[in-house]
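Trainee: what shape does this take:
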Amino acid sequence: MVRRATISLRPALFLSGFILTLPVLIGIGAAWKTKSEVADLQASHRALELENASFRSATDELTTQITSLEAAIRDIGARSALDPNVARTMDKLPALVKASAMGGSTEPDRTAAQRTLSFLGTPEDTFGLLRTLLESLESRLSTVSRTVDRRNALAAATPSIWPAKGWLTSTMGRRSDPITGGADFHAGLDIAGERGQPVFATAAGTVTHVGYQGGYGNLIVLDHGFGLQTRYGHLLNYTVKQGARVNRGDVIGHVGNTGRSTGYHLHYEVLANGKLLNPLQLLSQQKPRDQ
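Mentor: Got it, this is the predicted structure:
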């Protein structure tokens, strides 16, 4: 007896087709996955390129700032040195005069910088912090530079040299009047010398008076700024005009015997904010004439 089995054709065909197309579907899926991964890699590469470009730009900016700071530091160092004699003289100036040339604190805020460093995270944070610190240092150096300039200006304005060569015949203070013999207060120094010897500006300044004035005779007055003023009396003549700018050591006139005077000499006074200073306290150790 023979048995017959009937198999449906449609499921068989479907199964055969699935078996045949499965590798194709797997291949397509792998291709899509690969394409997606490639796209992700390309996007990541573009992001890295942008990030690298940003870091290069930030690095170039920081390098420029560092170069600028180095130049500023060299410049300040070159301008900060003072002649020791002038520096010692400046120390003897009244506090009010020195205060007019002083700036604010020049110490960096190290605590704030250390506190900020503790919050560093990404490289962007690092570059941002470094940029901020460099800008802060530039601002601080600018302040220091202005302070150095003011100090140098005060140094140039400080009367620190002898105004003439000769012999010191009278100092500041009480004395007997050389003409009447009575009690007298002498407001400055008298330096005796030969007729026509040069008289020097003892500091940089502006000529505010040139002319005859009572007991001073022929008088020159210099305004040095910072409240400092010097007077040169009994002159023979003048070599400067009112309004002229002079530097320390410039010849402004010559020793004479004009006004209330008993012989050829220079009368020299120093004032700070309108008050007399003892010129001997401000002069360098050099004598008016080598003995």
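Trainee: correct me if wrong: Ile223 contacts Thr206.
Mentor: Not Ile; residue 223 is Asp. Yes - distance between Asp223 and Thr206: 5.1 Å, which falls inside the contact criterion (C-beta atoms under 8 Å). Glycine gets a C-beta too; all of them are placed from N, C-alpha and C.
Trainee: domain ranges for this structure?
Mentor: Here the chain is described, according to automatic domain parsing, as comprising the domains 12-157, 167-281.
Trainee: check the ones you listed for me: which has the lowest mean pLDDT.
Mentor: Per-segment confidence across the domains of the chain bottoms out at domain 12-157, which has a mean of 71 in mean pLDDT.
Trainee: for Ile220, see how far away the nearest residue to Gly196 once chain neighbours are set aside is.
Mentor: Once flanking residues are discounted, Gly196 sits nearest to His254: 4.8 Å by C-beta to C-beta, 6 or more residues apart in numbering. Using C-beta to C-beta, to the nearest Å, we find His254 at a distance of 11 Å from Ile220.
Trainee: please apply the same query to Lys165.
Mentor: In this structure, Lys165 and Ile220 are 17 Å apart, going by C-beta to C-beta.
Trainee: more neighbours: these two, which one.
Mentor: Under the criterion of other C-beta atoms under 10 Å, the comparison of Lys165 against Ile220 puts Ile220 first, with 25 against 18.
Trainee: list the contacts of that one.
Mentor: For Ile220, the contact set (C-beta atoms under 8 Å, 6 or more residues apart in numbering) comprises Val199, Val207, His209, Val210, Arg231, Tyr232, Leu235, Tyr238, Val240, Ile252, Gly253.
Trainee: distance from the helix or strand containing it to the middle of the chain?
Mentor: Counting by DSSP states H and E, the element that carries Ile220 is strand 218-225. In this view, strand 218-225 has its centroid 29 Å away from the chain centroid, taken as C-alpha atoms, centre = their mean, to the nearest Å.
Trainee: which strands border it, and is each parallel or antiparallel?
Mentor: Here the strand partners of strand 218-225, with direction, are listed using DSSP bridges: strand 205-212 (antiparallel), strand 228-233 (antiparallel).
Trainee: that older thread, which of the domains of the chain sits most buried?
Mentor: Of all those, domain 167-281 has the most neighbours on average by mean count of other C-beta atoms under 10 Å, namely a mean of 18.
Trainee: which strand residues bridge the residue nearest to Val199 when sequence neighbours are not counted?
Mentor: The spatial neighbour of Val199 that comes closest, neighbours along the chain excluded (C-beta to C-beta, 6+ apart), is Gly253 at 4.6 Å. With DSSP bridges as the criterion, the beta-bridge partners of Gly253 are Val199, Tyr238.
Trainee: from memory Gly253 sits against Asn218, does it?
Mentor: Yes - taking contacts as C-beta under 8 Å, Gly253 lies within contact range of Asn218: 7.3 Å.
Trainee: can I get the strands paired with strand 218-225 in TSV including distance to Arg245?
Mentor: Compiled in TSV, the strands paired with strand 218-225 are given as follows (distance: least, C-beta to C-beta, whole Å):
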stretch	distance to Arg245
strand 205-212	6
strand 228-233	14
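Trainee: nearest to Ser261 among those strands would be which one?
Mentor: Between Ser261 and those, the tightest spacing by C-beta to C-beta is seen for strand 228-233, at 8.2 Å.
Trainee: how far does the closest one sit from the chain's center?
Mentor: Between the centre of strand 228-233 and the centre of its host chain there is 30 Å, according to C-alpha atoms, centre = their mean.
Trainee: pick out the residue closest to the middle of the chain.
Mentor: The chain has Ser145 as the residue nearest its centroid, 0.3 Å off, counting by C-alpha atoms, centre = their mean.
Trainee: anything in contact with each of Gly253 and Asn218?
Mentor: With C-beta under 8 Å, 6+ apart as the test, Gly253 and Asn218 both reach Leu235, Leu236, Asn237, Tyr238.
Trainee: what's the closest of those to Leu96?
Mentor: Nearest to Leu96, judged by C-beta to C-beta, of the shared contacts of Gly253 and Asn218 is Leu235 at 30.0 Å.
Trainee: and the closest one, backbone torsions?
Mentor: Backbone geometry at Leu235, expressed as degrees, to the nearest 10, gives phi -70, psi 150.
Trainee: confirm for me that it is in contact with Tyr212.
Mentor: No - checked against C-beta under 8 Å, the pair Leu235 and Tyr212 is beyond contact range at 9.5 Å.
Trainee: which residues do the two both contact?
Mentor: Counting by C-beta under 8 Å, 6+ apart, the contacts common to Leu235 and Tyr212 are Asn218, Leu219, Thr258.
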